[in-house]
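Student: Mind folding the following:
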Amino acid sequence: MGYKLGAHSEMLLRGVHPDLIKVIRRAIQISKHDFKVLEGVRSVARQRELVKKGASQTMKSRHIHGFAVDIAPFVAGQVRWDWPLYYELAATVKQAAKDVGVPVEWGGDWKSFKDGP
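Tutor: Sure thing, here's the model as predicted:
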């Protein structure tokens, strides 16, 4: 434990709601896995591109208004995409949210279109 967000991850948090930033910063402190921020605020154009590719299903993404952050485990110098790591990371973020008193929802808990990051 004892990880810290890198400069690029911090930059990607610009424009994200301050409460969500608190959660992410707390999560990195208590996480047993390093992780990085992949995406914070998204433009409408970027969201449109993701919907077109099938990577998102809605133009009502919470990213557009700074209420969502995508993070990914960073293991042995690379981003990992295996689900078991996302479940562990989700538990860490949920604990961090509880620690700072901010409710969160994880896309991996959704009934359809599971979204790990």
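Student: So what touches stretch 57-67?
Tutor: Residues outside stretch 57-67 that contact it (Cβ atoms under 8 Å, 6 or more residues apart in numbering): 15-17, 20, 39-44, 47-48, 50-51, 68-70, 113. In short, each C-beta sits where N, CA and C put it, glycine included.
Student: what about 7 Å?
Tutor: Stretch 57-67 is contacted by residues 15-17, 20, 39-42, 44, 47-48, 51, 68, 113 when judged by Cβ atoms under 7 Å, 6 or more residues apart in numbering.
Student: pLDDT of that stretch, averaged?
Tutor: Taken as a whole, stretch 57-67 has a mean pLDDT of 92.
Student: what's the span of that stretch, first residue to last?
Tutor: Distance between the boundary residues of stretch 57-67 (Cα to Cα, to the nearest Å) amounts to 17 Å.
Student: just stretch 37-55 next, same as before
Tutor: One end of stretch 37-55 to the other measures 17 Å (Cα to Cα).
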